[in-house]
Each structure stands twice: as C-alpha cells, then as structure tokens.
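Colleague: kindly return the folded structure for what I paste below:
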Amino acid sequence: VGAYSNVLDGMLVNHGDIEASASADFGYATAYAGFVLAAYEAGITNTANIDASAAAAGGNAFAVGAHAYSMHANVTYDCTYVEGPYGGYNICDYSNPHVVVDGGESRITNQGDITALANAAGGEGYSYGASSIGAFSARIDNAGAIAASTTADIAMATGALVRSSNGDASLVNGGDIIATATGTTSADATGAWAEGLDGATVENHGQILAGAYGAGAAATALRMGDTGENVLANDGTIGAFGDGTRIAIWSGADATAGIANNGTLVGAIVTGDLGDSLDNAAGGTWQAVGTSDFGAGDDAIANHGTIFMDNATIRMGDVAEAQSLAAAAGNLFDNTGSLVVSGDGNLVDMGAGNPSAFENSGVISFVDGAADDVLTVAGDFAGEGAIDLDASGLHGTSDLLHVDGDVADASMQTLNVNLVDLPTGPDATDIALV
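Modeller: Below is the predicted model of the structure:
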C-alpha cells in the first residue's frame, strides 16, 4: 500500500493487515509493504500488521516493512540570455543547480507489528523494518514490535532507520526493535540507526537488539550519526549479540555523544572525536564487550551502577589540545559504583598525556572464586574506595590490579581478600595484589 505526491502531504493509517512479497531467481526481488513519499509531510500509523518479504536465490533481495519519506525543494539555475541569429535564448548551467529545501517532515507511529524479511541464498539480502526519512525532521515512535531479518551470502538488516538531512532525528521506543543478519560472506545487523544534521535524540524504554552471525559478522544495537548532538536516554535494554564485532552504541566522529543509562547495555561503546560522556546511573549496567573507544576530545565516564569487563578494553582516547597541560580538562573516569572484572586481559586506557587520574571511590571487584583476573589502568590512579580480590595461598597467586602510572598521595583503597585455598606448608608466601 502506498501514497505518492511531490506537492502534497501523505498519510497511511493501517488497522488491518498489509503484506507485500517478491521473488526472483538470479535477479532482483524488491518488496515495500507500506510506502509514503510526500513533499512536506509523510506519515505512517500502524496498529496491526505490516509485513514485507523478498526472496532472490543467487540474486538481490530487498525488503522494507514501512517507509515514510518527505522532502520538498526549490531548484533554480544560473542562466545567461544570449541573442542568436533566430532570436534570443537562455544558456543555463544545469550542472550546478541551486537547491533550497523548504519542507520535509516524516513520522512513523507503530503500536502493532512491522516485519521485513529478506532471503538471498548465494546472493545479497537487505531488510529494513521501518524507515523514516525527512529533510527537516524524522521520527519513529514505537510501542509495538519492529523487526528485520536477512539470510544471504552478503546479509544486512536494520530494524529502524531515522534520518534527517537538514534537521534532527528522533526515536522513542517503548517496544521491541530487533535486527538479525546471517551471512556466509558478511553479516551486518543494526538494531536502530538515527542520524540528523543537527543530531539525534533517542529514548529507549524497551529493547533495541542486533544479532549478526556467520563470517564477517558485525552487530550494532544503536547507531547514531556523524554530526550535531547525539543524546541517548536508556532505561531499557540495548544489546549487540552474535559472532564478530559487537557494539551497543556507536556515535560518529564529528558529533558529541551524551549517554545516560539507567537500564542495560551489552556491547562496546564507540564515540567520536569531541567531548563525549557516559553516565551509568545507580540502576544501570554496562557489559563491556571487546574494545570500547571514546575517541579524541575530553571524554567522561561516571559510573554509579555496575560495569562488567570480561577481557574487555575501554579506551578514553587522546585528550583535547590545550595551551597548557594544566588548562586541559582531560578524560575522566569516576567509579562510585561497581567495576566487576573477569579474565586476564582487561584494560582501561585513560589516554596519552591525560592530566586526570582514574578515580575509584566505589568498588573494583575481581572476586569469582579464581585468582586469575587482571585489570590494567594505563594512567594515574586515585580515590578512596575498595578493591576485592581472590588470592590462592596454595599457588601463591592472586587477582591483580596493575597501575601503569602514579597513585595519588591522598588515595586510600581498602583491600578485601577472598582466600580461595590455603598453603600446604608453614613457609610464608608473598602474593602481589596491586
């Protein structure tokens, strides 16, 4: 079902079932279930079911559940009037148009189910659950379920796409947004993608999930754009799963990212080269996976909840340039909650030349019943907190906090040692803890 106008508004309201399917052998199969293209305003409201499926064995399968697109522009050209032998005429520079965008707002509101499925064995498959693209503003409000799933040689799936070329993008999710990609050559899954020239605002009270499986797999639960101010408020679940790279939140190089988490994050966090921040509230958890990189600039992590590191790396990035080291704010990592460490390959890198220390006024816990966990802090260390460690009297080993920097003079850490076993002889054994 579709609506099209290059001069008017367009709206699709669905309270029933909309289904589109396409198939091809060694060709292109394209299916749009709900489609609105309009000049000034494009909208889709769904309270029931919208389903799109495309199958192309050895070809290209492209499926979109709901798509709203809106943009209007005035186009003019530079022309020169020339007198000719048969009268005057204009010579215009059509290769350099002057484009003035003067309209374009798109919105999708979903309280039902929107699904896109693409299958291309031996070929390429692309699926988008819901796509809202508007020149001045783009928005998706989801209280239902939006899903995209692709199985192909080269597989790509995006649950929800919100994009504005001239304004801001907004996503409010109180339901489920899920993307799954399975590929034999590559698999790329993005749960939600929000980007605008002025930035993106995302509120998540439900689930935004991405899973990528197979060779060359990469899953990104939430991707935000490269410009403007990206703001995320999460009290739901944002998670990346599967094989290969797993990124919970990605924000572009030339945007600032402000992340407030009171829910659950699963995966790495990657941000750009400006001043980015993560505020993990007392009720929030972040399961860091792989390598998180906050990029250049003065970045800050304030942890009042729980951060889990299992052979994970958190890089704060290079500090912003300043006229003097004293003038640089630097990167900040302030732990007043719990930092739970597992595995012997964990690293917090405060950044080269960073003037601020890693601050622990909470708890760093290694305790899991095995004296083999390691955390390295590349930078200075400070604070008045506690460090909980396992130690083996039998083997003379322990969990280890390694500080590759200076410890501030006023620092005071309480060491709580869990002795997992006892020595067998009377000889004293020195065990390094920090």
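Colleague: alpha carbons only for contacts and neighbour counts from here, please
Modeller: Will do.
Colleague: next, count neighbours for R223.
Modeller: The number of residues packed near R223 is 21, by other Cα atoms under 10 Å.
Colleague: residue contacts, it?
Modeller: T190, G191, A192, W193, A194, E195, I249, W250, S251 (Cα atoms under 8 Å, 6 or more residues apart in numbering).
Colleague: for it, phi and psi?
Modeller: With angles defined as degrees, to the nearest 10, R223 sits at phi -120, psi 130.
Colleague: for it, list each beta-bridge partner.
Modeller: For R223, the beta-bridge partners are W193, W250 (DSSP bridges).
Colleague: if I look at it, how far off is I247?
Modeller: From R223 over to I247 the distance is 9 Å, taken as Cα to Cα, to the nearest Å.
Colleague: ends of stretch 379-399, what's the gap?
Modeller: End-to-end for stretch 379-399, by Cα to Cα: 19 Å.
Colleague: could you do stretch 26-46 as well?
Modeller: 34 Å.
Colleague: quick check: buried residues in it?
Modeller: The neighbour-count check on stretch 26-46 (16 or more other Cα atoms under 10 Å) flags 26, 28-46 as buried.
Colleague: can you check stretch 403-415 too?
Modeller: So, applying 16+ other Cα under 10 Å, buried residues of stretch 403-415: V403, V407, Q413.
Colleague: list the contacts of the first one.
Modeller: Yep, that's V403 we're talking about. V403 neighbours (Cα under 8 Å, 6+ apart): T376, V377, A378, G379, D380, F381, V434.
Colleague: same check on P423?
Modeller: By Cα under 8 Å, 6+ apart, the contact list for P423 reads S392, G393, L394, H395.
Colleague: adding secondary structure and pLDDT, write the contacts of V403 out as a markdown table.
Modeller: Below are these laid out as a markdown table (DSSP: H, G, I helix; E, B strand; the rest coil; pLDDT from 0 to 100):
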| residue | secondary structure | pLDDT |
| --- | --- | --- |
| T376 | strand | 98 |
| V377 | strand | 98 |
| A378 | strand | 97 |
| G379 | coil | 96 |
| D380 | coil | 96 |
| F381 | strand | 97 |
| V434 | coil | 68 |
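Colleague: which secondary element of the chain has the worst mean pLDDT?
Modeller: When the helices and strands of the chain are compared on mean pLDDT, DSSP states H and E, strand 2-4 comes out lowest with a mean of 81.
Colleague: next SSE after the helix or strand hosting A61?
Modeller: Secondary structure assignment for A61, by DSSP states H and E: strand 60-70. Moving toward the C-terminus from strand 60-70, the next helix or strand (DSSP H and E) is strand 72-76.
Colleague: sorry, back to before: mind listing which of the buried residues of stretch 403-415 are in helices?
Modeller: Among the buried residues of stretch 403-415, no member falls in helices (DSSP state H).
Colleague: quick revisit: got the buried residues for the least confident helix or strand of the chain?
Modeller: The neighbour-count check on strand 2-4 (16+ other Cα under 10 Å) flags A3, Y4 as buried.
Colleague: tell me which strands whatever helix or strand comes next after that strand pairs with, and in which orientation.
Modeller: Using DSSP H and E, the helix or strand that follows strand 2-4 in sequence is strand 10-14. The strands that strand 10-14 pairs with in its sheet are strand 41-46 (parallel) (by DSSP bridges).
Colleague: tell me what Y32 is bridged to.
Modeller: Bridge pairing for Y32 - DSSP bridges - gives V64.
Colleague: can you check the pLDDT for it?
Modeller: pLDDT recorded at Y32 is 97.
Colleague: and for S365, the neighbour number?
Modeller: With other Cα under 10 Å as criterion, S365 counts 20.
Colleague: quick check on it: phi, psi?
Modeller: According to degrees, to the nearest 10, S365 has phi -120, psi 130.
Colleague: surely M316 meets D293?
Modeller: Yes - with contact defined as Cα atoms under 8 Å, M316 counts as touching D293 (6.1 Å).
Colleague: as a quick check, tell me the outermost residue of this structure.
Modeller: Distance from the centre of the chain peaks at P85, with 63.2 Å (Cα atoms, centre = their mean).
Colleague: same question for the helix or strand hosting S53, mean pLDDT?
Modeller: Under the criterion of DSSP H and E, S53 resides in strand 49-57. For strand 49-57, the mean per-residue pLDDT is 97.
Colleague: give me the buried entries from the contacts of V403.
Modeller: Using 16+ other Cα under 10 Å, the buried ones in the contacts of V403 are T376, V377, A378, G379, D380, F381.
Colleague: quick one: mean pLDDT over whichever helix or strand D153 is part of.
Modeller: When elements are defined using DSSP H and E, D153 is found to belong to strand 145-164. Taken as a whole, strand 145-164 has a mean pLDDT of 98.
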